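Peer 1: Got a sequence here, can you model it:
(one chain, ligands or ions: 1)
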Amino acid sequence: MTVLRPRDAAEAVALYAARPAALPLAGGTDLLVLWTTGALNGRTVLDLSGVKEWRSIRKTVTGLSIGSLATHAELRGDPAVRREFPLLAAAAAAVGAEQIQNRGTLGGNIANASPAGDAFPALAVYEAAVVAVSRKGQRSIPFCEFFAGVKKTNLAPGELIASVVLPYLETRPRRQLFRKVGTRAAMSISKTAAAGLLWVGPDRRVRELRFALGSMAPTVRRLRAAEGLVKGKRLGRELAAEACELLRRDVSPIEDARSTAEYRLHVSQNLLADFLLGTQGSH
Ligand SMILES: Cc1cc2nc3c(=O)[nH]c(=O)nc-3n(C[C@H](O)[C@H](O)[C@H](O)COP(=O)(O)OP(=O)(O)OC[C@H]3O[C@@H](n4cnc5c(N)ncnc54)[C@H](O)[C@@H]3O)c2cc1C
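Peer 2: As a prediction, the model looks like this:
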């Protein structure tokens, strides 16, 4: 195996342009599982660990810019992430267990494009953007448009993830939720994962709902039909039930070793209903 070790972002981009078949390596928690099978034998690896610019978490005027090499442990503990984007901090704390959180990075999680990436529902409701760089320059990709399918992204050849930008919310939501449903508390791949933000007026009318589910389709999904239905309406049992019925329009859960499609759907509907009614944990 040939390993290339760039010392900064410019060198990483240049090396990747020259060797487009190279495999970027961040924390290695996904990639080294493949390495043990021999699947990487003979491949060239682009080790990004020396690219310090992509490690930092920076406040800008409009939002938070999180370097792709920030680890889940850093996200979990960062004061700005915890204050401004608590659902992302909660999601980072739910990834694997401490060892994986110490090595695994946000950029690696996103580039790996698993349907069960735990950071994804939070990034979807925060309307994050992925900043990709290549020899041709830099572009910003809306988070929900970043994925092309299971384990597939819309990164162009030669593009690396430099950072993820989360715009500040204009007002604090009345309610927020991150919930990962797995078989156990640590080291479990989610059966479903939900993130929600809800703004409600004093008259109990919904100003805005943002709700996203992971592990319920090939890629993370915002529940656009349910979000549209509740806008401007008064919260109540009937509205919550209608919103839950609409959930199927935006997701297509699979059956696999972890769960049946029916269970995934039922649990997700309960999470949405509880969130809208403010009765989290009643099921
Ligand atoms: C035991 C175990 C438990 C896990 N539990 C969870 C879990 O609960 N939830 C969860 O979401 N994930 C989980 N994972 C998966 C993994 O830990 C995360 O996805 C992690 O964030 C990957 O980051 P990494 O830096 O280790 O990526 P790497 O393994 O270094 O890379 C992953 C992929 O991303 C590409 N890549 C990395 N960085 C970049 C970049 N900057 N630009 C472009 N491409 C890049 C690599 O080429 C590779 O294809 C688990 C993994 C293991 C082994």
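Peer 1: how about the residues of the stretch 101-250 of the chain near the ligand?
Peer 2: Proximity of the stretch 101-250 of the chain to the ligand is confined to 103-105, 107-109, 111-112, 117-118, 160-161, 187 under the rule C-beta under 6 Å from any ligand atom. In short, each C-beta sits where N, CA and C put it, glycine included.
Peer 1: One more pass at 8 Å, please.
Peer 2: By C-beta under 8 Å from any ligand atom, the residues of the stretch 101-250 of the chain that approach the ligand are 103-112, 114, 116-120, 132, 155, 159-162, 180, 182, 187-190.
Peer 1: I'd like to know how far Gly50 sits from Lys151.
Peer 2: Look at Gly50 and Lys151: by C-beta to C-beta, to the nearest Å, they are 26 Å apart.
Peer 1: quick one: what helix or strand has the residue in the stretch 1-150 of the chain that the ligand sits nearest to in it?
Peer 2: Here the stretch 1-150 of the chain gets closest to the ligand at one residue, Gly108, 2.1 Å apart by C-beta to the nearest ligand atom. Per DSSP states H and E: Gly108 is located in helix 106-112.
Peer 1: Next secondary structure element downstream of that helix?
Peer 2: By DSSP H and E, the next helix or strand past helix 106-112 is helix 120-125.
Peer 1: got a list of contacts for that next one?
Peer 2: The contact list for helix 120-125 (C-beta atoms under 8 Å, 6 or more residues apart in numbering) reads 85, 87-88, 90-91, 110, 143-144, 164, 166, 178, 193-197, 210-214, 220-222.
Peer 1: Tell me the helix or strand right after it.
Peer 2: strand 129-134.
Peer 1: so what strands line up beside the next helix or strand after that following strand?
Peer 2: Later in the chain than strand 129-134, the nearest helix or strand by DSSP H and E is strand 137-142. Taking DSSP bridges as the criterion, strand 137-142 forms sheet pairs with strand 129-134 (antiparallel).
Peer 1: picking that back up, can you spell out which helices and strands pack onto the helix holding Gly108?
Peer 2: helix 72-77, strand 160-167 (3 or more C-beta pairs under 8 Å, 6 or more residues apart in numbering; DSSP states H and E).
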